[in-house]
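>>> below are the sequence and a predicted model for it; my questions follow.
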Amino acid sequence: MNFIDFFAGIGGFRYGLEKAGHKCVGFVEFDKFARKSYQAMYDTKGEFTGYDIRQVRGKDLPTADIWTFGSPCQDVSIAGQQDGLISGKRSSLFFEIIRLLKERTKNQEEIPTYLFMENVKGLLSSRNGRDFARVLIEMDSVGYDVEWSLINSKEVVPQNRERVYLIGHLRGKCSNKVFPIQRQSQNSIKQSKIKQVGNYRSNKSFGNNPQTGRVYSVHGLSPTLNTMQGGDRQPKILVEAVLTPDRLAKRQSGRRFKNAGEPAFTVTATDKHGVLIKKDKELSIRKLTPLECWRLQGFTDEQFFKAKNAGLSDNQLYKQAGNSVTVPVIETIGYKLKGNINE
């Protein structure tokens with residue numbers, strides 16, 4: 001099936017759906033740095049592209065079977081200002097998707113069979129659930145029946161990242177359900193846990209943010225990746241050796257770290273976590289690198305270096321990883337969508 005990639009970022013939706021056999025026919029992305037990475041990573045020649053979705057018109061869009069979008073989540077995220085879906089300046093861009101659908105319907109132009117949306121878990125509880133209800137009502141108003149599922153990326157990658165995924169089915173076109181997604185076996189990554197082994201700085205000096213300075217074991221999951229902007233927020237891991245355990249205990253008394261091999265926290269755009277590695281009873285702390293954060297979202301090393309070689313700074317590469325969707329989750333859902341059409 002053909003799809004349009006809205007709020008495209010670095011193309012997590014695109015890469016996942018292409019791996020499942022779908023074809024991108026256009027993308028919309030406002031951020032100049034994300035566009036730079038996107039165009040370095042993918043062959044976009046001849047595709048429709050838009051910058052500011054508020055300036056895009058329904059009649060200008062190519063016909064597509066799927067529209068993908070993960071409208072900015074800061075206004076409904078527990079890590080954001082929580083202004084809500086309606087009053088929030090960024091998350092309210094969801095309504096631009098509804099506008100485009102209404103424009104195409106009014107002009108008797110074809111609208112997609114599927115809407116494929118991703119957002120933070122906070123969407124379910126934002127404004128006591130009213131924002132999520134509004135999403136369902138708006139999709140219903142333009143002809144879509146909606147199913148949704150809360151999926152943790154640790155099902156497929158070593159990162160603890162809960163996100164809500166919604167599939168809108170165009171009424172009368174296809175009623176086969178996509179969810180639930182088949183879970184992995186009991187021996188899968190999801191059985192791992194985030195293992196924090198310390199915290200190397202006072203929370204008070206960083207706005208009482210409990211995540212700032214956390215250090216994790218490399219034997220567990222990564223925490224949720226975010227945009228990691230400011231305040232040395234990349235995930236930290238414990239690695240080989242600059243401080244002895246005794247010296248570490250003196251300098252890090254009362255703070256927490258994670259051991260190597262444990263699940264990472266969720267990759268975000270603001271946190272910069274770390275991992276702890278033990279060797280010959282000596283320990284040291286380092287940040288997760290931008291490349292490691294991209295890997296935690298399911299991108300290849302080749303894709304990362306295409307973006308990096310296009311002139312992106314480490315700060316931008318961290319941010320782009322944190323803002324992305326997790327590719328293997330999108331790929332899995334993409335195969336289910338493909339199966340629906342083939343049935």
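Arrived safely. Residues are numbered from 1 along each chain as shown.
>>> okay, CA-based contacts and neighbour counts for the rest of this
Noted.
>>> could you grab the helix/strand/coil label for L283?
Secondary structure, DSSP: H, G, I helix; E, B strand; the rest coil: L283 is strand.
>>> that one is in contact with L238, isn't it?
Yes. L283 lies in contact with L238 (CA atoms under 8 Å); the separation is 6.4 Å.
>>> spit out the contact partners of the closest residue to L166 other than its chain neighbours.
When the adjacent residues along the chain are set aside, L166 lies closest to W148, with 4.2 Å between them (CA to CA, 6 or more residues apart in numbering). For W148, the contact set (CA atoms under 8 Å, 6 or more residues apart in numbering) comprises V164, Y165, L166, I167, F179.
>>> in this structure the third one contacts I151, no?
No. Under the contact definition of CA under 8 Å, L166 does not touch I151, with a separation of 10.6 Å.
>>> comparing those two, which residue is more hemmed in?
Comparing L166 with I151 by other CA atoms under 10 Å, the one with more neighbours is L166, at 22 against 17.
>>> can you check the pLDDT for the more buried one?
pLDDT recorded at L166 is 98.
>>> and if you look at S202?
56.
>>> then the one 10 residues further on?
pLDDT recorded at T212 is 62.
>>> now I277
56.
>>> circling back: among L283 and L238, which residue is more densely surrounded?
Neighbour count, other CA under 10 Å: between L283 and L238, L238 has more, with 29 against 20.
>>> quick check: that one is in a helix.
No. Secondary structure of L238 (three-state DSSP): strand, not part of a helix.
>>> is it true that it touches G220?
No. Judged on CA under 8 Å, L238 makes no contact with G220 at a distance of 11.6 Å.
>>> which positions within the longest helix along the chain qualify as buried?
For the chain, the longest helix by residue count, based on DSSP state H, is helix 327-342. Neighbour-count burial for helix 327-342 flags V327, P328, V329, I330, E331, T332, I333, G334, Y335, K336, L337, K338 (criterion: 16 or more other CA atoms under 10 Å).
>>> please apply the same query to stretch 133-145.
Going by neighbour count (16+ other CA under 10 Å), the buried part of stretch 133-145 is V135, L136, E138, M139, D140, V142, G143, Y144, D145.
>>> how big is the angle separating the strand or helix carrying E147 from helix 327-342?
Assigned by DSSP states H and E, E147 belongs to strand 144-152. Computed by axes from the mean of the first three to the mean of the last three CA atoms, to 10 degrees, the angle separating strand 144-152 from helix 327-342 equals 150 degrees.
>>> strand 144-152 pairs with which strands, parallel or anti?
Strand pairing for strand 144-152, determined by DSSP bridges: strand 162-170 (antiparallel).
>>> please compute how far the partner strand lies from its chain's middle.
Relative to the chain's own centre, strand 162-170 is displaced by 14 Å; criterion: CA atoms, centre = their mean, to the nearest Å.
>>> contact partners of it?
Under CA under 8 Å, 6+ apart, the answer for strand 162-170 is 112-121, 123-124, 139, 143-153, 175, 178, 266.
>>> if you set the cut-off to 7 Å instead, what comes out?
Applying CA atoms under 7 Å, 6 or more residues apart in numbering, the contact partners of strand 162-170 are 113-121, 143-153, 175.
>>> any quick ChimeraX command for the buried ones out of those?
The following ChimeraX line selects those of those that are buried, judged by 16+ other CA under 10 Å:
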select :113,114,115,116,117,118,119,120,121,143,144,145,146,148,150,151,152,153
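>>> hang on, the earlier thing: closest to F13 out of the contacts of W148?
Y165 (11.9 Å; CA to CA).
>>> low-confidence stretches in the stretch 151-300 of the chain?
Applying pLDDT under 70 to the stretch 151-300 of the chain flags the ranges 183-192, 197-198, 200-213, 228-232, 239-263, 270-282.
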